[in-house]
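Asks: just coords:
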């Protein structure tokens, strides 16, 4: 972490006679005091308690006339405030001016590294909110103190982030904004969707509850009139979306964690299984390093292999994960999962026995 160097004492400017002059230094000191008073005035106005002119004058140590002049200055930089007799005086409108934020070196570095990670991803800039986060980080970088900028720049050349591949979201920005608005207004949406489950385009009316980013893509969790239940839809598969002039009540007690339950990722299938897997010593340590599921338990054996136990709702998602480890993992239980993986392996063998076309 950089150390602070001692502040050098500024030389006093000399007058025409060659003697030091205190007038310019006094002028600079006055400017600094004025800035401090303006910042204090912003804090007083944003406190929400309301302050009348005499109180503001006393707090700032200036005249009432100067208070009015400072208020005019704040108006010119975009701050809006009102005189509220019930609150006892002037107060700022919420959100009219952001409070300055002091970032630590580590916080600033984290923001800039995350921003660079998004920009380096081939599809990151197209993902809703990620592009905005990257833009915000760049703006923050531009106002960081020079010392902090230099510190971050030096470390960023030695720290790198390689983001995982993300789904392409080029055409989903408009859908994301519509769903966000619909959730806020509790407004129904009509959707045309490419369903991999039904293997066709479907039309349904949605009561959208949540927008969720999971692993590589954005999803909307919504009540579907076609399925008469809560469902998860991937934004990438939406063909058409439009607002309806109908509102929905919604469930104020809806809990996303309860909805996903024991799903391996985010697709509960309505039946819970206790799964036991045996990983070879070649990959056991790698698997054990990650918290894959909230219920997982691991047990290392003498030969270096590992028993992995987990309770999941549905077998489809965990099947894909198991297959990713190939011959380095075997299913112990349940029998239905072992048969499913075995059938998939048999089909793979058949594919590789044939000559490639």
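Replies: Nice, thanks for sending it over. Remember, predicted model here, so these are calculated numbers, not experimental data.

Asks: Give the buried residues for stretch 283-297.
Replies: Within stretch 283-297, the residues scored as buried using 16 or more other C-beta atoms under 10 Å are 284, 287-288, 293, 296. In short, each C-beta sits where N, CA and C put it, glycine included.

Asks: Next, the distance between the ends of that stretch.
Replies: 16 Å (C-alpha to C-alpha, to the nearest Å).

Asks: what does stretch 268-281 give?
Replies: 31 Å.

Asks: I'd like to check what contacts it. Which residues are they?
Replies: Applying C-beta atoms under 8 Å, 6 or more residues apart in numbering, the external contacts of stretch 268-281 come out as 259-263, 287, 303-316, 318, 322, 325, 328-334, 336-337.

Asks: check contacts around residue 264.
Replies: Contacts for residue 264 (C-beta under 8 Å, 6+ apart) come out as 293, 312-314, 317-318, 321.

Asks: if you look at the residues you listed, which of them are in strands?
Replies: Among those, the subset assigned to strands under DSSP state E consists of 312-313.

Asks: Take the contacts of stretch 268-281 and keep only those in strands.
Replies: Short answer: the contacts of stretch 268-281 in strands (DSSP E) are 306-313, 329-333.

Asks: of those residues, closest to residue 234?
Replies: residue 313 (19.1 Å; C-beta to C-beta).

Asks: From the buried residues of stretch 283-297, pick the one nearest residue 91.
Replies: Distance to residue 91 across these (C-beta to C-beta) is lowest for residue 293, with 49.0 Å.

Asks: Is residue 337 in contact with residue 316, as I believe?
Replies: No. The criterion here is C-beta atoms under 8 Å, and residue 337 misses it with residue 316 at 10.3 Å.

Asks: Which one's more surrounded, the two?
Replies: residue 337 (20 against 13; other C-beta atoms under 10 Å).

Asks: Quick check: that one vs residue 220, distance?
Replies: 29 Å (C-beta to C-beta, to the nearest Å).

Asks: And residue 158, by the same measure?
Replies: Note on residue 158: its distance to residue 220, by C-beta to C-beta, is 40 Å.

Asks: so how far is stretch 276-291 off the chain centroid?
Replies: 30 Å (C-alpha atoms, centre = their mean, to the nearest Å).

Asks: and what of stretch 140-148?
Replies: 22 Å.

Asks: Now the two most distant members of the buried residues of stretch 283-297.
Replies: Largest pairwise distance in the buried residues of stretch 283-297, by C-beta to C-beta, is 16.5 Å, between 284 and 293.

Asks: Which member of the buried residues of stretch 283-297 is positioned nearest residue 76?
Replies: Looking across these and measuring by C-beta to C-beta, the closest to residue 76 is residue 293, at 55.8 Å.

Asks: I would like the residues contacting the biggest strand by length in the chain, please.
Replies: When the chain is parsed with DSSP E, its longest strand is strand 200-214. Residues from elsewhere that reach strand 200-214, judged by C-beta under 8 Å, 6+ apart: 129, 176, 179-180, 182-183, 186, 188-195, 218-227, 230, 232-233, 239, 244, 248, 250-251, 254, 256, 265-266.

Asks: ok, now with 6 Å
Replies: Under the contact criterion C-beta atoms under 6 Å, 6 or more residues apart in numbering, strand 200-214 has outside partners 179, 182-183, 188-195, 219-226, 248, 254, 256, 266.

Asks: Nearest spatial neighbour of residue 149, chain-adjacent residues omitted?
Replies: residue 141 (6.9 Å; C-beta to C-beta, 6 or more residues apart in numbering).

Asks: what's the pLDDT at the residue nearest to residue 47 when sequence neighbours are not counted?
Replies: The shortest distance from residue 47 to any non-neighbouring residue, by C-beta to C-beta, 6+ apart, is to residue 91 (7.8 Å). You'll see residue 91 listed with a pLDDT of 78.

Asks: Now for residue 91, which secondary structure element holds it?
Replies: Using DSSP states H and E, residue 91 sits in strand 89-92.

Asks: Touching that strand from outside, list them.
Replies: Residues outside strand 89-92 that contact it (C-beta under 6 Å, 6+ apart): 45-46, 50-52, 81, 83-84.
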